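Novice: dropping the sequence and predicted coords here.
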Amino acid sequence: MTRTRQEPVIARPGAASDASAVVVRGLRVRYGDFEAVRGIDLDIRRGEVFALLGTNGAGKTTTLDVLAGFGAPSTGEVSVLGMDPRTRPPQLRARMGVQQQDGGFVEELTVLETLQLWQQLVERPDRPERLLERFELGHRRDVPVGKLSGGEQRRLDLALAVWGSPELVILDEPTTGLDPQARRRTWDAIQELQEAGRTVLLTTHYLEEAEALADRVAIMHRGRIAVTGTLAEIVAAQPASFSATLPPDAPALPELTGWVERSGDRLTVQSGDLQRDLTAFLTWADAHGVRLDGLRAAPASLADVYHSIRAEEEQ
Ligand code: ATP
């Protein structure tokens, strides 16, 4: 894991290996006086699903907009599939699908007409019928897009982004506002892209979504990347915890390296060395004949990491 407080520039995007789908170095984006993205580095490898997580206003959409060519960096270097997205080169558009938070559909066109129009515009071959079925929009094919529900519009937007299974798919909160079944179908679509060797960059507020889908994640906070790595790497850097309910007459606890918290009879220990502290605790319980109820031990979760970043930055 890189616990980046942004590392120095180590390579220009042009020098990135072919294994990289997206390379970002020192990206800053300003809106007037306000700096929404404050010097981030990213390396997204070809064929991986990468989730960008973060608090509201952290700068995720701003970053995605730059990568998709909709927004310009104030400073920094950006390379997407080896190209500069700022100029929106047609070769890049042909190889990349993008789902933004707002679809920007022509509301009068029906779902089918929208897909047929897309078929004319996008170079990648695909069929409207496949997407109608894939995203369960067949029964809505003749409905004007403006009359679709929010979730249906989201699905249509996703259908356009994955049209022709592009090499790189950028998805901004693809499952926000979806019901559980539609969310599941979206996850399936992302996993299909991954199995086909495509690269997917997505933002989400659902930590379980990142856990289910992402090979690697980055957590943004206030315009910076606070942490990046695989889930295992990120979580391993956080203390694990164990907890148990003690009898009221339990003797004094053994010495533990972790942070001990008591709430009534319930004891919780956050430990950077779970094996050592848990062994000491269980040995103590055994030696004193202490009965432990509801004993639980668990590694940190992504939610723990997320909350600790928020707490740390807000101090
Ligand atoms: P969310 O999770 O809420 O969608 P985000 O991480 O995607 O947030 P951004 O949409 O990138 O965050 O916004 C980052 C910051 O930049 C926010 O404080 C936002 O208000 C501000 N911002 C975004 N677009 C503009 C703009 N066009 N003009 C001025 N400020 C903007």
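Specialist: Structure received. For clarity, every value in this text was computed on a predicted model and none was experimentally measured.
Novice: helices of this protein, residue ranges please.
Specialist: Assigned by DSSP state H, the chain shows helices spanning 60-68, 90-95, 111-121, 128-134, 150-161, 180-195, 207-213, 231-236, 274-287, 302-314.
Novice: nearest to residue 18, of these?
Specialist: Proximity to residue 18, assessed across the helices of the chain by C-beta to C-beta, is greatest for helix 90-95 (13.8 Å). To be clear about C-beta, it is placed using only N, CA and C from the backbone, and glycine gets the same treatment.
Novice: helices and strands around that closest one, which ones?
Specialist: For helix 90-95, there is no helix or strand it packs on, judged by 3 or more C-beta pairs under 8 Å, 6 or more residues apart in numbering; DSSP states H and E.
Novice: which positions in that helix come out as buried?
Specialist: For helix 90-95, the neighbour count (16 or more other C-beta atoms under 10 Å) marks 92, 93, 95 as buried.
Novice: tally of neighbours for residue 37?
Specialist: 27 (other C-beta atoms under 10 Å).
Novice: likewise for residue 139?
Specialist: Neighbours of residue 139 (other C-beta under 10 Å): 10.
Novice: partner residues bridging the residue lying closest to residue 293 once chain neighbours are set aside?
Specialist: Among residues not flanking residue 293 along the chain, residue 245 sits closest, at 4.2 Å (C-beta to C-beta, 6 or more residues apart in numbering). Beta bridges link residue 245 to residue 266, residue 293 when assigned by DSSP bridges.
Novice: still on that earlier bit, so which of the helices of the chain comes closest to residue 295?
Specialist: Closest to residue 295 of these is helix 274-287 (C-beta to C-beta; 8.4 Å).
Novice: give me the contacts around the closest one.
Specialist: Here helix 274-287 makes contact (C-beta atoms under 8 Å, 6 or more residues apart in numbering) with 239-242, 244, 253-258, 269, 271, 290-292, 297, 299.
Novice: just the CA atoms of it, as PDB, please.
Specialist: Output of helix 274-287 as PDB, limited to C-alpha atoms (Å, rounded to 0.1, in the frame of the first residue of the first chain):
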ATOM      1  CA  LEU A 274      -3.900  -9.200  17.000                       C
ATOM      2  CA  GLN A 275      -2.100 -12.500  17.500                       C
ATOM      3  CA  ARG A 276      -0.100 -11.300  20.400                       C
ATOM      4  CA  ASP A 277      -2.900  -9.500  22.200                       C
ATOM      5  CA  LEU A 278      -5.500 -12.200  21.600                       C
ATOM      6  CA  THR A 279      -3.100 -14.800  22.900                       C
ATOM      7  CA  ALA A 280      -2.400 -12.800  26.000                       C
ATOM      8  CA  PHE A 281      -6.100 -12.300  26.600                       C
ATOM      9  CA  LEU A 282      -7.100 -15.900  26.100                       C
ATOM     10  CA  THR A 283      -4.200 -17.100  28.200                       C
ATOM     11  CA  TRP A 284      -5.300 -14.700  30.900                       C
ATOM     12  CA  ALA A 285      -9.000 -15.900  30.700                       C
ATOM     13  CA  ASP A 286      -7.900 -19.500  30.800                       C
ATOM     14  CA  ALA A 287      -5.500 -19.000  33.800                       C
END
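Novice: list the buried residues in it.
Specialist: For helix 274-287, the neighbour count (16+ other C-beta under 10 Å) marks 274, 277, 278, 280, 281, 282, 284, 285 as buried.
Novice: OK, contacts around the residue nearest the centre of the chain?
Specialist: For the chain, the residue nearest the mean C-alpha position is residue 51 (2.4 Å; C-alpha atoms, centre = their mean). Contact analysis of residue 51 by C-beta under 8 Å, 6+ apart lists 202, 203, 204, 209, 210, 213, 214, 216, 217, 218.
Novice: run a quick neighbour tally on the fifth one.
Specialist: Under the neighbour criterion other C-beta under 10 Å, residue 210 is assigned a count of 24.
Novice: and if you look at the last one?
Specialist: Other residues lying near residue 218 total 27 when counted by other C-beta under 10 Å.
Novice: for it, list each beta-bridge partner.
Specialist: Counting by DSSP bridges, the residues bridging with residue 218 are residue 52, residue 228.
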